[in-house]
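Colleague: sequence first, then the predicted structure:
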Amino acid sequence: MLVVMHPNATAAEIGAVIARVQERGATPHTLYSNGRTLIVVVGATSHLLIEEFERLPGVERVTPIAQPYKLASRESHPEDTVIRLDPHPGLPEVAIGAQDVVIMAGPCSVESRSQLLETAHAVKEAGAVILRGGAFKPRTSPYSFQGLGLKGLEILAEARETYGLYIVTEVMTPDMVPMVAEYADILQIGARNMQNYGLLHAVGQVQRPVLLKRGMMSTVQELLMAAEYILTGGNYRVMLCERGIRTFEKLTRNTFDLNAVPLLKLLSHLPVIADPSHATGRWDIVLPMSRAAVAAGADGLLIEVHPRPEEALSDGAQSLRPELFFQLVQEVRRVADAIGRSLLLPTG
Ligand code: PEP
Ligand code: MN
């Protein structure tokens, strides 16, 4: 159920609605959209009467929310959510989900200090504003490179200071959320963990933006329900990431479900990020699929870049050399301009 307050509703009127929701055993989430306070009522709502809440002072209207993903649904928040990264000294402000398309780029894994700093320098020069790189890697084989762990986080933090790039990195277990959140500007939940409910709960408890990747065998609705777990914990800064799904096609690692990009924008107010690297698994089609993703309405791109892809410890086959990444940024910029958006470029 959604309670829309009058634009001039008082704090006391808003407080009274919240108190009434709690008295009735449901949970209120207070959001703002179009100059109004919105109270999204979740939990045990089936016994609540719309008329009861419509009569309360300061209430403009009350509507049911049809979708099962209440907080993630556009019904509960008609305007696009704009996620502002937590400010970091010396770094420019970054807003995701607004006019500007944002590029996040870097290696699949942090392999060494020199590899990460070299890549960070290259992606910054080319036009990325956020640096990606896994310190904790979810690998299919236990014998594959598992990431540098805490050392990797420290290297990422050094790259942030040196090159003025925000950091997105994966967190794999609930107990590591506080530690990774100390280093990361955005917490990545990997495709394999999209339905790890303990982890979703844990990232819902911290105030750090989350990049939630779609499971490789998950539907769009399951992605939205996973986002709901984080939102209902009180962390409202969630980005949805389309990274390809498994199909019968063998020539690409995954099938890029481009449908999901405009569909998610339609169904949800949350920013949508596209990951053409994992969605294709091959460097030679990442560039055209990046153009396509931005044309389809993605708010950002997540791109794997490695200075020497043939030496990469993970995902070399889909990693772009810096020169090709530079070209990608140029082309994506033109696509963004063509659809009335723009590309967020580094300032310093
Ligand atoms: C990654 O971003 O390197 C990664 C492991 O992605 P995914 O979880 O989408 O496979
Ligand atoms: Mn990867």
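Modeller: That came through, no problem. Ligands and ions are numbered 1, 2, ... in the order given.

Colleague: rest of the way, CA atoms for contacts and neighbours
Modeller: Fine.

Colleague: which residues of the chain fall in helices?
Modeller: In the chain, helices defined by DSSP state H lie at 11-23, 50-54, 113-126, 150-163, 177-183, 197-204, 220-232, 260-267, 276-280, 286-295, 322-338, listed in chain order.

Colleague: can you tell me which of the ones you listed is most buried?
Modeller: Highest mean neighbour count of the helices of the chain: helix 276-280, a mean of 28 (counted as mean count of other Cα atoms under 10 Å).

Colleague: quick one: average confidence on it?
Modeller: Average pLDDT, helix 276-280: 98.

Colleague: enumerate the residues of the stretch 151-300 of the chain near ligand 1.
Modeller: Applying Cα under 6 Å from any ligand atom, we find that the stretch 151-300 of the chain lies next to ligand 1 at 190-192, 213, 243, 278.

Colleague: same thing but at 5 Å, please
Modeller: 190-191 (Cα under 5 Å from any ligand atom).

Colleague: ok and the residue in the stretch 151-300 of the chain nearest ligand 1?
Modeller: G190 (3.3 Å; Cα to the nearest ligand atom).

Colleague: that residue: neighbour count?
Modeller: 23 (other Cα atoms under 10 Å).

Colleague: ok now do F145, which residues does it touch?
Modeller: By Cα atoms under 8 Å, 6 or more residues apart in numbering, F145 lies in contact with 137, 139, 313-314.

Colleague: for PyMOL, what selects the buried ones among the residues you listed?
Modeller: Command for PyMOL that selects the buried part of the contacts of F145, burial taken from 16 or more other Cα atoms under 10 Å:
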select buried, resi 137+313+314
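
Colleague: which among the contacts of F145 gets closest to G35?
Modeller: Nearest to G35 among the contacts of F145: K137, at 41.9 Å, using Cα to Cα.

Colleague: mark out where each domain of the protein begins and ends.
Modeller: Under the assignment automatic domain parsing, the domains of the chain span 2-63, 83-343.

Colleague: how about those, which one is nearest R74?
Modeller: Of all these, it is domain 83-343 that lies closest to R74, at 4.4 Å by Cα to Cα.

Colleague: just the terminal-to-terminal distance for that closest one.
Modeller: Domain 83-343 has an end-to-end distance of 16 Å (criterion: Cα to Cα, to the nearest Å).

Colleague: rewinding a little: A72: which of the domains of the chain is closest?
Modeller: domain 83-343 (5.6 Å).

Colleague: OK, contacts around the closest residue to Q67 other than its chain neighbours?
Modeller: Closest residue to Q67 apart from its sequence neighbours, by Cα to Cα, 6 or more residues apart in numbering: S73 at 6.8 Å. By Cα under 8 Å, 6+ apart, S73 lies in contact with 67, 267-269.

Colleague: now, which of the residues you listed sits nearest V102?
Modeller: H269 (16.9 Å).

Colleague: what bridges to the residue nearest to T37 when sequence neighbours are not counted?
Modeller: Distance criterion Cα to Cα, 6+ apart; nearest residue to T37, sequence neighbours excluded, is M5 at 5.4 Å. For M5, the beta-bridge partners under DSSP bridges are V59.

Colleague: for ligand 1, what's its nearest residue on the stretch 1-150 of the chain.
Modeller: Closest point on the stretch 1-150 of the chain to ligand 1, by Cα to the nearest ligand atom, is C108, at 4.5 Å.

Colleague: next up, phi/psi of that residue, please.
Modeller: phi -60, psi -50 (degrees, to the nearest 10).

Colleague: center of the chain - which residue?
Modeller: What sits nearest the mean C-alpha location of the chain, by Cα atoms, centre = their mean, is M239, with 2.3 Å.

Colleague: and it, what does it touch?
Modeller: So M239 contacts 209-212, 270-273 (Cα under 8 Å, 6+ apart).

Colleague: could you dump these to a markdown table with pLDDT and neighbour count?
Modeller: As requested, the contacts of M239 are exported to a markdown table (pLDDT from 0 to 100; neighbours: other Cα atoms under 10 Å):
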| residue | pLDDT | neighbour count |
| --- | --- | --- |
| P209 | 98 | 24 |
| V210 | 99 | 29 |
| L211 | 99 | 23 |
| L212 | 99 | 27 |
| L270 | 98 | 29 |
| P271 | 98 | 25 |
| V272 | 99 | 27 |
| I273 | 99 | 29 |
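
Colleague: ok, back up a step: between the contacts of F145, which is closest to A157?
Modeller: The shortest approach to A157 among the contacts of F145 belongs to K137, at 17.4 Å (Cα to Cα).

Colleague: is it true that that closest one touches G147?
Modeller: Yes. Counting by Cα atoms under 8 Å, K137 does reach G147; the two are 5.3 Å apart.

Colleague: mutual contacts of the two, please.
Modeller: S109.

Colleague: just to revisit the earlier point, which of the contacts of S73 tops the neighbour count?
Modeller: Of all the contacts of S73, the highest neighbour tally under other Cα under 10 Å goes to S268, namely 25 neighbours.

Colleague: which residues touch that residue?
Modeller: 72-75.

Colleague: mind doing that once more with 7 Å?
Modeller: 72-74 (Cα atoms under 7 Å, 6 or more residues apart in numbering).
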